[in-house]
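Student: I would like to see how this sequence folds:
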Amino acid sequence: MAANTDEAALGYEQARDELIEVVRRLEAGGTTLEESLALWERGEELAKVCRHWLEGARARLDAALSGGADEAAETDED
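Tutor: Residues are numbered from 1 along each chain as shown. Next up, the predicted model:
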C-alpha cells in the first residue's frame, strides 16, 4: 500500500521522467528476466500516474472551456 501513496505523491513530470528512464533501460537490454519484469511493472505504474494527471488536466480544461461557453451564452442573451 505504501507504493500507492508514493505514486500519488509523484507529480506528472517526475512520473514521466522516471518512465522515460525505465523505457531506456528496457530498450538497452542487458537485464535479467526478473529485472525486466520489475521494470515493466514499474513502467505500467508510472504510465497510470501520468494518465491520471493528464485526465485531470483534460477535465479542468474542459470545465474551463465549458464555463467560458456558458458565460458567452449568458452575454448573448442579455
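Student: going forward, measure contacts and count neighbours with C-alpha atoms only.
Tutor: OK.
Student: per-residue pLDDT of Asp6, please?
Tutor: pLDDT recorded at Asp6 is 62.
Student: equivalent analysis for Gly68, please.
Tutor: At Gly68, pLDDT is 74.
Student: I'd say Glu18 and Leu46 touch.
Tutor: Yes. Proximity of Glu18 to Leu46 meets the contact threshold set by C-alpha atoms under 8 Å, at 7.5 Å.
Student: comparing those two, which shows the higher neighbour count?
Tutor: Using other C-alpha atoms under 10 Å as the criterion, Glu18 and Leu46 rank with Leu46 on top: 23 against 16.
Student: from the contact counts, what lies against the host helix or strand of the more buried one?
Tutor: Using DSSP states H and E, Leu46 sits in helix 33-77. In terms of contacts (3 or more C-alpha pairs under 8 Å, 6 or more residues apart in numbering; DSSP states H and E), helix 33-77 is packed against helix 2-9, helix 12-28.
Student: can you tell me which of the ones you listed comes nearest to Arg51?
Tutor: helix 12-28 (8.9 Å; C-alpha to C-alpha).
Student: buried residues in the closest one?
Tutor: 12, 15-16, 18-19, 22, 26 (16 or more other C-alpha atoms under 10 Å).
Student: residue contacts, the residue nearest in space to the middle of the chain?
Tutor: Central residue of the chain (C-alpha atoms, centre = their mean): Cys50, 0.9 Å from the mean position. Each residue near Cys50 by C-alpha atoms under 8 Å, 6 or more residues apart in numbering is listed here: 12, 15-16.
Student: run the last query once more with 6 Å
Tutor: Neighbour list for Cys50: Tyr12 [criterion: C-alpha atoms under 6 Å, 6 or more residues apart in numbering].
Student: same question for Gly68.
Tutor: Going by C-alpha under 6 Å, 6+ apart, the list of residues near Gly68 is empty.
Student: offset the numbering so it begins at 13, please.
Tutor: Understood, numbering begins at 13; the last thing we discussed is Gly80.
Student: that one and Glu67: what is the separation?
Tutor: According to C-alpha to C-alpha, to the nearest Å, Gly80 and Glu67 sit 20 Å apart.
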